[in-house]
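this one's sequence-less:
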């Protein structure tokens, strides 16, 4: 290299370089709808707070907390336990449950809620059968758990959401260095103690990201809680917005819910400020595996089968039964165009979210700057906001830009373009980006955290700029994480409803909107085919995802 | 190859200052070694030189060209510095095989270049690992891959961060030799950090003893060993005995200590009658039945090439002083025995007053 | 063996695929900007219900219709993207009222509409127009409730029905609208007392949809329920689902308050947006919807009560008998929706527990 050719560059801490300004801009772009919602919340909302405080607010908050605690614990237990069993134990059927455990992820929560209500409610087959057998007549003669309740909501959400925790826990366990586990064993701990004291804490960042995704999803859910008549903050948001026609009041509630999440995340991060988790060893033996026998084996098999059974097999069989019986009613002439809409939209959303997630996570890693970190984190809390509220947040900036462009082109060139963004799927895609960034950013952040900064240093001193380092070092190393993020977003977009409905262009249907239309008209059976298609579209990627995780073990072949 | 100048640099993490107004120079083709306990800012210094951490104050020049100087807003990014860096954990890219790791820093390497690399791989005995992935390599192999990777782009400066810390003793000696051989063969200016004085002495043309973010003393291995400037420096590169005394006379080169007058090679220009501390290396003692000093043997350690003795010498007011001495391995002596010896001045030097710190 | 890693190539491939997908996707959703006559609709009504009618409209007038169906956020969408939609279709007065309040609708003078739609069911200045009526009625158990045992909404608060009544959520638009009509007629205090009485008569926590209430009567969970008229017909005529026909068979319809103000009705309606770009087409569409052809379809397919005089209701709907509808100005009812919703909170309607 020619020494004299050194460019006189500004030091990076004195200027906004490409990555810093890019990260800030992108974070702002993605957070804009959230900011719009926050701006609504600043407008006066009348006497709504007096009303809420004196009546239902405390219940909204308690119910929400109950839901979050229930779903959080449920998914953490199921997700971690199954991930550990599958990664480090040997038992019959392990190879199958390894990917099957992810399947419930493909089920839209509201669909599972519909199905279980049908099965477990008073007039459903389970209770009817019990009444016939035991000769009970009315609901006063016996006790049966009410499916339309907080407990029911926790049950259904835990079943469909635990795969997030499972997925991230499994990635963490697979990538964990065996050395530290073996150290623990040699220090006299049993396998179980090693799990509790070593494996679990070192997987903590991943578990936390998994659970916080679950909690945000539980918080933003409206379909399920509405159907189950469980009054969470989200239900309250919609009541204030639609029944009391008070958008600013609703936005205030949404912002409070958001603060709740931020506080939770902040507390968690605070509690591990000084811990950093890298793979310290570059040596990896094959993962040890404990052959389970007898009761232990049975326990392991059951632990893995129950969530799959209740989260996937049972509901999808019922859907399959409906779809079979109502096939003619369900299959519309434009079914395939609807299916392709869904697939295209989901692929698009996955691609964009992952690109943005990588950019942000890497931009934050390069600078270690608290401002950047906060910006990226702010951009990724859209996941906790109810979709319909966020959609309104998207509409405002989009509409403004559209009106501006339209006016501009009209005035200068006399062209009438129509609404470029809000009239196309650009709006809905932007909405997905805002909503699902948490999935991709969280996954990318967790994956990057496991790469020692010396890798960056090595690449940089070998002559690669930050961009090339990302391309040649991180992207290949994070292949598993990237794929996981893409699939999470893909599957979630397939299921996404409220934003799709509000932000889609004219005459545009997806599987989810189709299912929703039929389901709102109380045609569960007719909507089954659509629901199954959503599930089916999610299946292949999910299975593929599971296969890739096994290969993400550092150095696990090429 | 290039000369490295580090001038008055400081660096702190938050309120904790890890490097404080530090200056040093590494001459062209020289192997310099920063020696110091862990946590003294050695690794930070390397990262600053490589540009992986932004410099906060001071100036770093490579071949007279400024590569970092916050005051004039210069900060060449690491990829433009052409500096090789070998990390303590090697940081081999797990998704690339050995060859692609080594050639990582090269753009479209020519066949000649590849042949050159292959020769280096043969020399380092890793040529058969071309297609292997890092996780299948032993520690020593990983180390050599990391070294070749750092050297492949012919860096103007090579930075080594504890290059042998991860290796076991026997391997370390071999790898050290190979590494030094390659570095010298290529003639690359090298700055290495370590906490192991043996390693530093073996590798370095120039040693810089670092303490709390500052360079305590710099010099050739011989200078450092023979004439440590401070007690810290003296103790860090080997064992020593520190005694307090008074300079007898500049001409005589003797320091009057409580155990008697001790001859001293370096007086550091101290005036007659001033207080002085001296460091006496264990090699300074010679068993001599007619020697001026007498002491009782307290402990004996036979280590093969020499015997380490610990003796107690009683001074004139009856106070005991323990001394460590290294004697020829053929000496037969028992604990409790009285021995007589003299002190040779070559490894005795006046050091700075430890209380001045 | 000495090849450069192919990562770079692969990244480029991925990016290429992403670009193609993006371009393809954008063209997918883009509405054709050709010069043909169109009308853009935002609909609260499911497309499959109005599709046949819109098809008829396009056949007759040559005007193409673009529809997007949504429930939440429609008002905000109209506000944010002025001119994107020319007309809105709703299944409830509440939404029309909210949009009007927000200044998003424009007046329409049309002889056809004034002739077709009776004045209580359209805005005095033509900001919105009702198209069909649906009654909020009482479903009663054929087996356990004698005809005449209940005749008024007010009776639902009578302690004799303790543990016998099912409703869906008190926050659902249909119930909020009914509660609002009670507020409009009897005042807030009386309405609250009534709502408390109703709550204490519930058999279970408010849940499910309107059909689920019939299902509950059928299965014996309760004797009375609140529901819309057309669901009864939809269940009774369900060819495929025998169970739903059975639910319908277990139930008969009571039109409340026939001797006084009449049964609470809601409208499905339509309006032209303020910034409509195809105003003329939008008006033509609404006129078409109020006309013979569309009204007949509404009546036959969705079992609603057509507003145009002379259009026959479905024979099944006819069989429930004629009823007197509450003629209070619907805007007045809509005005009380926030109050009604708050009352539901105050009496903690949705939080009913059987043990209470």
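Done, it's in. This is a predicted model, so every value here is computed, not measured.

mind checking if stretch B:152-167 is in reach of chain A?
Yes - applying C-beta under 8 Å from any C-beta of the partner chain, one finds stretch B:152-167 touching chain A at B:153, B:155, B:156, B:159. For every residue, glycine as well, the C-beta is placed using N, CA and C.

next structured bit after the lowest-mean-pLDDT helix or strand in chain A?
Least confident helix or strand, chain A: helix A:178-186 with a mean of 63, by mean pLDDT, DSSP states H and E. The helix or strand immediately downstream of helix A:178-186 is helix A:191-194, counting by DSSP states H and E.

ok, now which ones touch the residue in the stretch 51-200 of chain C that chain B sits nearest to?
Ranked by C-beta to the nearest C-beta, the top residue of the stretch 51-200 of chain C for proximity to chain B is residue C:80, at 43.7 Å. Residue C:80 sits next to A:392, A:395, A:396, A:398, A:399, A:400, A:422 when contact means C-beta atoms under 8 Å, 6 or more residues apart in numbering or on different chains.

look up the pLDDT of the last one for me, please.
So that's residue A:422. The per-residue pLDDT reported for residue A:422 equals 73.

again, but for the second one
What the model reports as pLDDT for residue A:395 is 85.

I'd assumed residue C:74 was in contact with it.
No - contact between residue A:395 and residue C:74 fails when scored by C-beta atoms under 8 Å: they sit 10.4 Å apart.

common neighbours of those two, please.
In contact with both residue A:395 and residue C:74: residue A:502, using C-beta under 8 Å, 6+ apart.

report the distance from stretch B:253-260 to the chain centre.
Its chain's C-alpha centre and that of stretch B:253-260 lie 30 Å apart, by C-alpha atoms, centre = their mean, to the nearest Å.

now the strands for chain C?
Listed in chain order, the strands of chain C (DSSP state E) span C:38-43, C:64-69, C:87-90, C:129-141, C:165-166, C:224-228, C:251-254, C:265-272, C:305-306.

quick one, what contacts the nearest residue to residue C:95 once chain neighbours are set aside?
Spatially, and ignoring its direct neighbours in sequence, residue C:95 is nearest to residue C:44 (6.2 Å; C-beta to C-beta, 6 or more residues apart in numbering or on different chains). With contacts defined as C-beta under 8 Å, 6+ apart, residue C:44 is in contact with C:69, C:70, C:71, C:74, C:88, C:89, C:90, C:91, C:92, C:95.

ok so, going back, any chance of the strands of chain C in a markdown table, with mean pLDDT, mean neighbour count and distance to residue A:468 too?
Listed next are these as a markdown table, based on pLDDT from 0 to 100; neighbours: other C-beta atoms under 10 Å in any protein chain shown; distance: least, C-beta to C-beta, whole Å:
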| stretch | mean pLDDT | mean neighbour count | distance to residue A:468 |
| --- | --- | --- | --- |
| strand C:38-43 | 91 | 24 | 48 |
| strand C:64-69 | 89 | 21 | 44 |
| strand C:87-90 | 94 | 25 | 53 |
| strand C:129-141 | 94 | 24 | 63 |
| strand C:165-166 | 94 | 26 | 66 |
| strand C:224-228 | 95 | 25 | 64 |
| strand C:251-254 | 95 | 21 | 72 |
| strand C:265-272 | 94 | 27 | 57 |
| strand C:305-306 | 94 | 22 | 70 |
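
can you add distance to chain B and give the ones you listed back as TSV?
Listed next are the strands of chain C as TSV, based on distance: least, C-beta to the nearest C-beta, whole Å:
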stretch	distance to chain B
strand C:38-43	51
strand C:64-69	46
strand C:87-90	55
strand C:129-141	64
strand C:165-166	62
strand C:224-228	62
strand C:251-254	67
strand C:265-272	61
strand C:305-306	70
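
nearest to chain A, out of these?
Of all the strands of chain C, it is strand C:64-69 that lies closest to chain A, at 3.6 Å by C-beta to the nearest C-beta.

tell me which other helices or strands that closest one touches.
strand C:38-43, helix C:47-61 (3 or more C-beta pairs under 8 Å, 6 or more residues apart in numbering or on different chains; DSSP states H and E).

least confident of those, on average?
Ranked by mean pLDDT, the helices and strands packed on strand C:64-69 bottom out at helix C:47-61, with a mean of 87.

contacts for that helix next, please.
Contacts to helix C:47-61, defined as C-beta under 8 Å, 6+ apart, come from residues A:517, A:521, C:37, C:41, C:43, C:63-65, C:67, C:69, C:89, C:281, C:284-285, C:288-289, C:293-294, C:297-298, C:301-302.

rerun that using 6 Å as the cut-off
C:64, C:65, C:67, C:69, C:285, C:288, C:293, C:294, C:297, C:302 (C-beta atoms under 6 Å, 6 or more residues apart in numbering or on different chains).
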